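Colleague: no sequence for this one, just the structure:
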């Protein structure tokens, strides 16, 4: 592939660059091309919201590293030539990834045919899977409405199966009655503050509405999640469930337990989540957690953004409400009210891929009083951005309005 076309695609489209950034190790770039890509990476890393690179700022950064004015002119001419390329970044990237995948696939086939030992084959298998996963995170499908009936739109929003309530009710009220399939809600908190508690309580609410619900976990043992869900559905404490599992099982099934699908991934990929969605056709998907997913990115910030983007795309593609969980950073320790800046390692990238964000905060006083504080730093659904306390029952994994 032409170096100019590849560089032009990376400069003109952040999406294009993000998709191939970790697959450029053997592309055969010139030294000038490598320098340009290095500064492109720095540009996007500094500004997570940048959708393209400003060529003048790009050259300013390069010039500061080159003491010789002659080199400035040479690089300037190359950048000008690259910017003059008329390219379709998405198609250039798609072709590049397909070519890379084909090459790795041929290498893999050769090694398998030669009977090479598993230790030699495994890295290529992983490489092939990474390329396959990267190819699945494509630009979201275009949906066009023109002159659509307002009556029809409102009816679709309010009909049975339209709005999905999100428990606890105090949160649902601030979401203006709930969320729609295709929406993406991101929940963040410090460890041991209440992400799993929130997830289990939300699952209870979804099952109460008769909704097929998929929980994808890659952190806690899946059996622990099952016991907590059964406890919430049955109203029994964990110890009561262990003492009388038959009663707990019967009550849980009466409350919708059969509509719950739980999957444990180690740690999982976007492709694996989408396969589960295709198989089980859930109305709601909970992903716990984004930070553990393998998405073919080495930069952790970009990894989180790519994971959030992939989950959001699945929701839009398959008409499911997506609820994702991630960590809050050290800045959230001991705080009741959280904001976007408290999201660990991705306080811009993840919010950009969310329709609603819920921060779970806890001060020492909150812990003593048996409560948590939910904050809404982003709320495209209801527009309400306040913070409010909720009561928690840790023995039954229950979160209720205060």
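Modeller: Thanks, I have it. Model, not experiment: these values are computed from the prediction.

Colleague: Does residue 97 touch residue 20 like I think?
Modeller: Yes - here residue 97 lies in contact with residue 20, judged by CB atoms under 8 Å, at a distance of 6.5 Å. Any C-beta I mention is one placed from the backbone N, CA and C, and that applies to glycine too.

Colleague: pretty sure residue 286 is in a strand, no?
Modeller: Yes - under DSSP: H, G, I helix; E, B strand; the rest coil, residue 286 falls within a strand.

Colleague: how much space between it and residue 173?
Modeller: For residue 286, the distance to residue 173 equals 21 Å [CB to CB, to the nearest Å].

Colleague: Nearest the geometric middle of the protein, what residue?
Modeller: With distances taken as CA atoms, centre = their mean, residue 308 lies nearest the centre of the chain, 1.7 Å away.

Colleague: Please list all residues in contact with it.
Modeller: 184, 186, 290, 324, 326, 346, 349-350, 352-354 (CB atoms under 8 Å, 6 or more residues apart in numbering).

Colleague: Same drill for residue 97 and residue 20, tell me which one is more crowded.
Modeller: residue 20 (22 against 17; other CB atoms under 10 Å).

Colleague: Next up, identify which helix or strand the more buried one is on.
Modeller: helix 14-20 (DSSP states H and E).

Colleague: Against which helices or strands is that helix packed?
Modeller: With contacts defined as 3 or more CB pairs under 8 Å, 6 or more residues apart in numbering; DSSP states H and E, helix 14-20 has these neighbours: helix 3-12, helix 31-46, helix 89-113, helix 300-318.

Colleague: coming back round to it: since we're on the nearest residue in space to the residue nearest to the centre of the chain that is not next to it in sequence, how many residues are nearby?
Modeller: Nearest residue to residue 308 in three dimensions, chain neighbours excluded: residue 353, at 3.8 Å (CB to CB, 6 or more residues apart in numbering). Residue 353 is flanked by 22 other residues according to other CB under 10 Å.

Colleague: element containing residue 360, please.
Modeller: strand 356-361.

Colleague: Check which helices and strands the helix or strand just after that strand is in contact with.
Modeller: Next helix or strand after strand 356-361 toward the C-terminus (DSSP H and E): helix 364-369. Contact here means 3+ CB pairs under 8 Å, 6+ apart; on that basis helix 364-369 packs against no helix or strand.

Colleague: what's the average pLDDT for helix 364-369?
Modeller: For helix 364-369, the mean per-residue pLDDT is 96.

Colleague: Distance from that helix to the middle of the chain?
Modeller: Put simply, helix 364-369 sits 31 Å off its chain's centre (CA atoms, centre = their mean, to the nearest Å).

Colleague: How about stretch 61-68?
Modeller: Distance, centroid of stretch 61-68 to centroid of chain: 37 Å (CA atoms, centre = their mean).

Colleague: Equivalent analysis for stretch 241-257, please.
Modeller: Here the centre of stretch 241-257 is set off from its chain's centre by 33 Å, with CA atoms, centre = their mean.

Colleague: Need the distance between the two termini of it.
Modeller: Start-to-end span of stretch 241-257 (CA to CA, to the nearest Å) is 14 Å.

Colleague: now do stretch 207-221
Modeller: Start-to-end, stretch 207-221 (CA to CA) is 21 Å.

Colleague: Who's the closest spatial neighbour of residue 207, skipping the chain neighbours?
Modeller: Distances taken as CB to CB, 6+ apart put residue 256 closest to residue 207, at 3.4 Å, once the chain neighbours are dropped.

Colleague: Please identify the residue most distant from the middle of this protein.
Modeller: residue 70 (44.8 Å).

Colleague: Kindly provide the distance from that one to residue 60.
Modeller: Note on residue 70: its distance to residue 60, by CB to CB, is 17 Å.

Colleague: Can you show me the helices along the stretch 251-400 of the chain?
Modeller: 270-280, 300-318, 349-352, 364-369 (DSSP state H, counting those that start in this stretch).

Colleague: Kindly calculate the angle that the first one makes with strand 284-288.
Modeller: Calculated by axes from the mean of the first three to the mean of the last three CA atoms, to 10 degrees, helix 270-280 forms an angle of 150 degrees with strand 284-288.

Colleague: Give me the contacts around helix 270-280.
Modeller: Contacts to helix 270-280, defined as CB under 8 Å, 6+ apart, come from residues 132-133, 136-137, 212, 214, 216, 261, 263, 265, 285, 287, 293, 295, 307, 310-311, 314, 317-318, 320.

Colleague: Any chance of a PyMOL selection covering the buried ones in the residues you listed?
Modeller: Buried residues within these, by 16 or more other CB atoms under 10 Å, are selected in PyMOL with:
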select buried, resi 132+133+137+212+214+216+261+263+265+285+287+293+295+307+310+311+314+318+320
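
Colleague: Looking at the contacts of residue 308, which are in strands?
Modeller: Of those, the ones assigned to strands by DSSP state E are 184, 186, 324, 326.

Colleague: Make a PyMOL selection of the buried ones in these.
Modeller: For the buried members of the ones in strands among the contacts of residue 308, the matching PyMOL selection, counting by 16+ other CB under 10 Å, is:
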select buried, resi 184+186+324+326
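
Colleague: Out of the ones in strands among the contacts of residue 308, which is nearest to residue 13?
Modeller: residue 184 (22.0 Å; CB to CB).

Colleague: Report the contact partners of the closest one.
Modeller: Residues counted as contacts of residue 184 (CB under 8 Å, 6+ apart) are 308, 311-312, 315, 322-324, 353-356.

Colleague: would you turn those into CSV with pLDDT and distance to residue 81?
Modeller: Listed next are the contacts of residue 184 as CSV, based on pLDDT from 0 to 100; distance: CB to CB, whole Å:
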residue, pLDDT, distance to residue 81
308, 94, 35
311, 95, 38
312, 94, 36
315, 95, 41
322, 98, 42
323, 98, 47
324, 98, 42
353, 92, 34
354, 95, 39
355, 96, 41
356, 97, 44
